[in-house]
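In: based on what follows, work out the 3D shape:
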Amino acid sequence: PIIFPQFGPDGPLPRHGFARTMTWGMGGIGRASNGMAEADFVLRDSPETHAIWDADFMATTTVRVIGDQLAITLAVENLGESPFTFTAALHTYLRVRDVSHVTINGLRGGRYRVPGSTALIDDTEDCVRVGDALERVYVEAPPRILLRDGAHSVLLAAEGFPDAVLW
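Out: Presented below is the predicted three-dimensional model:
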């Protein structure tokens with residue numbers, strides 16, 4: 001799901017905004033000679049969005065696939081005369097074989113908060129073990145995090161999103 005224009009419950013809008021529950025239109029779709037496939041999905045302001053958030057905008061999510069790589073980008077354009085602020089997230093779900101074998105590497109030295117608290121906790125562990133329940137928001141997270149699921153691993157790279165949520 002695409003979280004926009006508000007992440008979480010902190011603000012006047014519905015939790016996680018409205019973009020994740022709205023119908024997006026198809027922008028462009030194509031395939032390059034190197035095998036890369038690309039599709040754009042577009043969400044524009046409407047009377048329905050204006051009832052919740054009075055902003056003139058266009059949000060475009062681009063999905064690119066080449067080989068074993070997936071890239072998802074979100075661009076937001078202000079189409080109006082008035083400035084606006086927003087928060088956003090690419091709320092990724094990753095399928096794993098057995099959550100008790102999952103570790104996340106690359107967060108040591110980072111700082112995170114847990115639900116219901118604004119206090120930041122220093123992460124001193126070499127890796128985060130998922131186990132049963134986990135909910136952390138890493139502030140100023142590193143741009144590359146490695147998820148290991150037994151013998152398999154996935155490299156997660158982010159640009160323009162300073163925080164990372166483990167849930």
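
In: for the rest of this, base every contact and every neighbour count on C-alpha atoms.
Out: Will do.

In: residue at max distance from the center of this protein?
Out: Most distant residue from the mean C-alpha position of the chain: residue 33, 28.8 Å away (Cα atoms, centre = their mean).

In: residue ranges for the strands of the protein, please.
Out: Per DSSP state E, the chain carries strands over the ranges 2-3, 25-31, 37-44, 57-66, 69-78, 89-90, 102-105, 111-113, 121-122, 127-129, 136-139, 144-149, 152-157, 164-166.

In: which of those sits closest to residue 12?
Out: Closest to residue 12 of these is strand 2-3 (Cα to Cα; 14.6 Å).

In: follow-up on the earlier one: now the strands of the chain in JSON lines, please, with extra columns for mean pLDDT and distance to residue 11.
Out: Shown next, in JSON lines, are the strands of the chain (pLDDT from 0 to 100; distance: least, Cα to Cα, whole Å):
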{"stretch": "strand 2-3", "mean pLDDT": "93", "distance to residue 11": "13"}
{"stretch": "strand 25-31", "mean pLDDT": "94", "distance to residue 11": "27"}
{"stretch": "strand 37-44", "mean pLDDT": "97", "distance to residue 11": "21"}
{"stretch": "strand 57-66", "mean pLDDT": "96", "distance to residue 11": "19"}
{"stretch": "strand 69-78", "mean pLDDT": "96", "distance to residue 11": "19"}
{"stretch": "strand 89-90", "mean pLDDT": "92", "distance to residue 11": "15"}
{"stretch": "strand 102-105", "mean pLDDT": "94", "distance to residue 11": "30"}
{"stretch": "strand 111-113", "mean pLDDT": "95", "distance to residue 11": "18"}
{"stretch": "strand 121-122", "mean pLDDT": "96", "distance to residue 11": "24"}
{"stretch": "strand 127-129", "mean pLDDT": "92", "distance to residue 11": "30"}
{"stretch": "strand 136-139", "mean pLDDT": "93", "distance to residue 11": "17"}
{"stretch": "strand 144-149", "mean pLDDT": "95", "distance to residue 11": "28"}
{"stretch": "strand 152-157", "mean pLDDT": "94", "distance to residue 11": "27"}
{"stretch": "strand 164-166", "mean pLDDT": "90", "distance to residue 11": "18"}
